[in-house]
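> Kindly generate the corresponding structure for this input.
(2 chains, ligands or ions: 2)
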Amino acid sequence: MTALVISEHDNSELKGATLNTVSAAQKLDDDIHLLVAGSNCNSVAESAASIEGVSKVLYVDSPEYENFLAENISLLIKNISNDYSSILAPATTNGKNYMPRVAALLDVAQISDISAVESKDTFQRPIYAGNCIATVKSSDEVKVITVRTTAFDPVSTESGSAEILKLEEVNDAGISQFIKDELAESDRPELTAADVIISGGRGMQNGENFNLLEGIADKLGAAIGASRAAVDSGFVPNDYQVGQTGKIVAPNLYIAVGISGAIQHLAGMKDSKVIVAINKDEDAPIFQVADYGLVADLFTALPEMESKI
Amino acid sequence: MKILVPIKRVVDYNVKVRPKADESGVDLNNVKMAINPFCEIAVEEAVRLKEAGSADEIIAITVGESVAQEQLRTALALGADKAILIETDQEPQPLGISKALKSIVERENPDLIIMGKQAIDGDNNQTGQMLAALLGYPQATFASELKVTDGKAEVTREVDGGLQTISINLPAIVTSDLRLNEPRYASLPNIMKAKQKPLETISSDELGIDLNPRISTVKVSPPPEREAGIIVESIDQLVDKLKNEAKVIS
Ligand SMILES: Cc1cc2nc3c(=O)[nH]c(=O)nc-3n(C[C@H](O)[C@H](O)[C@H](O)COP(=O)(O)OP(=O)(O)OC[C@H]3O[C@@H](n4cnc5c(N)ncnc54)[C@H](O)[C@@H]3O)c2cc1C
Ligand SMILES: Nc1ncnc2c1ncn2[C@@H]1O[C@H](COP(=O)(O)O)[C@@H](O)[C@H]1O
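Ligands and ions are numbered 1, 2, ... in the order given. Next up, the predicted model:
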């Protein structure tokens, strides 16, 4: 049986989330095909061909896929879905956008955000902000799945030698148009791929004070995250948000500063390997998940920490 | 313009939910129920469009048990004009819910459907996209800004790297992210008025729609516990622990 994995990329680079998704697919099916759909994305198809475990790269290059509009991508995936027993995409904002649409076009359910594969039809997934883990069994012939990338180790990109098969598939639904992207430019690692993350909450008081995190992030090669309260208060942009309804992260080290530890925030970071919390309130719930807690005022603790690491 | 707002009754977001002792499901005994926060945002957005003169009718709809009428009344108190309950005793899943919603869309012909991006119980994040697919409508998910102008909507979406703006032809589906707006509280007079507003109940059998679940729950277990950590006394101690005990920094 063959799995189809939908790759995540920006037309020039393959994103790491693809490698975690292939890893999940390997637990399901013996053979894996990878779809690279985009515009002028030849370089992505080439790097995809070297992913371990992938036997074929389906490469579709056409302007209507440039911005991954769900209306067009879902038609494409449906049209090529015939021979697959499972179709998987990472649970990124792209995957979450088009995959349920694919599932409905195929008249099957979607299994969202799986964190483990138990068998060909049985999966684990967090529900209720990760307060419960559901083991679910799908009765559909085709499994349409989004994958919680932090739950699967990435496969390597060294050993593979897949065949690249170029497909001519034009699907312009013509009902939606891309206008613009406003993407954050940053030299830091992406939140979902970072080894170390330092996040600030409402306790940071304003956007400028995030400079206190920058210095530490520079030294640790860390990404910077935030709680929803920090984002809502306009301290930092929305793509910093970690949590149930933001990004799910699981770095080696997560440092939460001035974050109280609401259920919704914990949902996004409690699978981190080591958690540090700095908070002036010793009763803050964040300390219940922290490996190392420091009860202190962040305005004195952060400069000291920066000088000592 | 007519707006349809599908909403869901869920556990209040402040409740820390636990599995039942026998792991057969989630323990929902005596927990507080509420309208899903993202659906509340969807209702608010519809009400704002009506207040701005862009919409003239708002219909709130839910697929669920009879008790979900409470949440429909909340939507009416927030400003919806009428409500529809598609009543079923099954616990419907996104694909079945979308099919039920589709049949009402075909009856009511709304120009815009605003819903939540995610229900905070199952965290599925599917129903809007599925409904859009079944209807062949465009979709703008994870919306943080919505502008409606002659026959189209311009929507700013929250995506992983930042923001994306797209234009979609109406009729269309928009799903709300947290920053789309901040919902108002229902005033007491409006809660009273909501009791007089029309609420139609349709049984799911009447619609003749297959609501059978495609996914069954084998068990619901607690997440892995984290071992209790320690409180350190100083930055020096913290840095030492991170270097020499956890070995996560060098
Ligand atoms: C549907 C829904 C979805 C949500 N999704 C998310 C999500 O994805 N992610 C998320 O984060 N939240 C989410 N939330 C919001 C969540 O419920 C909390 O409101 C939010 O996480 C609180 O952010 P905070 O910890 O920064 O702020 P607060 O709870 O206000 O905590 C601030 C903390 O800073 C500490 N502090 C203040 N000053 C200092 C100082 N000088 N030094 C040290 N410590 C200090 C305080 O002691 C306090 O503990 C969601 C809510 C809802 C309803
Ligand atoms: N039973 C339901 N009845 C009506 N609308 C629903 C129902 N379940 C989900 N929805 C809508 O779909 C959105 C996303 O839910 P979900 O796909 O379950 O995460 C919710 O915010 C609601 O707007």
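
> What is the burial count for B:Lys247?
By other CB atoms under 10 Å in any protein chain shown, the residues close to B:Lys247 number 11. To be clear about C-beta, it is placed using only N, CA and C from the backbone, and glycine gets the same treatment.

> Residue numbers of chain B in contact with ligand 2?
B:6-8, B:36, B:38-39, B:42, B:61-64, B:92, B:94, B:97, B:115-116, B:118-119, B:122, B:124-128 (CB under 6 Å from any ligand atom).

> Mind checking which of those are in strands?
Among these, the ones falling in strands (DSSP state E) are B:Pro6, B:Ile61, B:Thr62, B:Val63, B:Gly64, B:Met115, B:Gly116.

> How about residue 241, nearest residue that isn't a chain neighbour?
No chain specified, so I'll use chain A. Spatial nearest neighbour of A:Gln241, excluding adjacent residues (CB to CB, 6 or more residues apart in numbering or on different chains): A:Val231 at 4.8 Å.

> ah, I was thinking of chain B
Leaving out its chain neighbours, the residue that sits closest to B:Lys241 by CB to CB, 6+ apart is A:Tyr292, at 5.5 Å.

> returning to what we had before: near ligand 1 too, which of the ones in strands among the residues of chain B next to ligand 2?
Okay, of these, nothing touches ligand 1 (CB under 6 Å from any ligand atom).

> quick check, nearest of the residues you listed to ligand 2?
Nearest to ligand 2 out of those is B:Gly116 (CB to the nearest ligand atom; 2.2 Å).

> Do you have the helices of the stretch 201-309 of chain A handy? List them.
Using DSSP state H, counting those that start in this stretch, the helices of the stretch 201-309 of chain A run over A:211-220, A:228-232, A:263-269, A:298-308.

> what does the stretch 1-150 of chain A give?
Ranges of helices within the stretch 1-150 of chain A are A:17-26, A:42-48, A:70-79, A:93-105, based on DSSP H, counting those that start in this stretch.

> quick one: the last one to chain centroid distance?
Helix A:93-105 has its C-alpha centroid displaced from the chain centroid by 15 Å (CA atoms, centre = their mean, to the nearest Å).

> same thing with the first one?
Averaging C-alpha coordinates over helix A:17-26 and over its chain gives two centres that are 12 Å apart (CA atoms, centre = their mean).

> Any part of that helix near chain B?
No: Helix A:17-26 lies out of reach of chain B by CB under 8 Å from any CB of the partner chain, never closer than 9.0 Å.

> residue contacts, the nearest residue to A:Ser50 once chain neighbours are set aside?
In space, and not counting its chain neighbours, A:Ser50 is closest to A:Gly160: 4.6 Å by CB to CB, 6+ apart. A:Gly160 makes contacts with A:Ala49, A:Ser50, A:Ile51, A:Glu52, A:Gly53, A:Val54, as judged by CB atoms under 8 Å, 6 or more residues apart in numbering or on different chains.

> what do you get for A:Thr245?
Counted by CB under 8 Å, 6+ apart, A:Thr245 has contacts A:Arg228, A:Gln264, B:Phe38, B:Lys117, B:Gln118, B:Ile120, B:Asp177, B:Leu178.

> so what's the last one closest to, chain neighbours aside?
Residue nearest to B:Leu178 in three dimensions, not counting chain neighbours: A:Thr245, with 6.2 Å by CB to CB, 6+ apart.

> How many residues are close by B:Ala228?
10.

> Now do stretch A:239-255: distance from first to last residue.
18 Å (CA to CA, to the nearest Å).

> Also stretch A:73-85?
End-to-end span of stretch A:73-85 (CA to CA): 19 Å.

> for that stretch, what is the average pLDDT?
The average pLDDT within stretch A:73-85 is 97.

> Now for chain B, the helix or strand with the poorest mean pLDDT.
When the helices and strands of chain B are compared on mean pLDDT, DSSP states H and E, helix B:204-207 comes out lowest with a mean of 92.

> Tell me which residues are up against the next helix or strand after that helix.
Counting by DSSP states H and E, the next helix or strand C-terminal to helix B:204-207 is strand B:215-221. The contact list for strand B:215-221, computed with CB under 8 Å, 6+ apart, reads A:109, A:111, A:122, A:127, A:132-139, B:19-20, B:23-26, B:93.

> Tell me the spacing between A:Asn131 and B:Glu23.
A:Asn131 sits 14 Å away from B:Glu23, going by CB to CB, to the nearest Å.

> Any residue of stretch A:180-199 touching chain B?
Yes: applying CB under 8 Å from any CB, one finds stretch A:180-199 in contact with chain B at A:Lys180, A:Asp181, A:Glu182, A:Leu183, A:Ala184, A:Thr192, A:Val196.

> which ones are touching the first one?
For A:Lys180, the set of contacting residues under the criterion of CB under 8 Å, 6+ apart consists of B:Gln164, B:Thr165.

> Swap in 10 Å and give it another go.
When contacts are counted by CB atoms under 10 Å, 6 or more residues apart in numbering or on different chains, A:Lys180 is found next to A:Asn67, B:Thr156, B:Leu163, B:Gln164, B:Thr165, B:Ile166.

> Same question for the last one.
For A:Val196, the contacting residues are A:189, A:216-217, A:219-223, A:251-255, A:272, A:274, B:248-249, by CB under 10 Å, 6+ apart.

> Among those, which ones are in strands?
Using DSSP E, these in strands are A:Ala223, A:Leu253, A:Tyr254, A:Ile255, A:Val274.

> The fourth one bridge partners, please.
On the basis of DSSP bridges, A:Ile255 takes part in beta bridges with A:Ile198, A:Val276.

> Can you give me the distance of it to B:Gln196?
54 Å.

> Who has more neighbours out of these two?
With neighbours defined as other CB under 10 Å, A:Ile255 and B:Gln196 compare such that A:Ile255 has more, 31 against 7.

> picking up where we left off before, in the least confident helix or strand of chain B, which residues are buried?
B:Ser204, B:Leu207 (16 or more other CB atoms under 10 Å in any protein chain shown).

> likewise stretch A:36-45?
Buried residues in stretch A:36-45 (16+ other CB under 10 Å): A:Val36, A:Ala37, A:Gly38, A:Cys41, A:Val44, A:Ala45.

> Spatially nearest residue to residue 124 (excluding sequence neighbours)?
If you meant another chain, say so; for now it's chain A. A:Ala116 (4.0 Å).

> ah, no, chain B please
B:Asn124 sits nearest to A:Ser112 (CB to CB, 6+ apart), 5.0 Å away.

> One more: A:Ser199?
For A:Ser199, ignoring the flanking residues on the chain, the nearest one in space by CB to CB, 6+ apart is A:Gly225 at 3.6 Å.

> can you pull the contacts of the nearest residue to B:Gly79 once chain neighbours are set aside?
Ranked by CB to CB, 6+ apart and with sequence neighbours excluded, the top spatial neighbour of B:Gly79 is B:Val47, at 3.6 Å. B:Val47 is in contact with B:Ile3, B:Val5, B:Ala55, B:Ile58, B:Ala75, B:Leu78, B:Gly79, B:Ala80, B:Asp81, B:Asn181, B:Pro183, B:Arg184, counting by CB under 10 Å, 6+ apart.

> nearest to ligand 2, of those?
Each of the contacts of B:Val47 was checked against ligand 2 using CB to the nearest ligand atom; the closest is B:Val5, at 7.3 Å.
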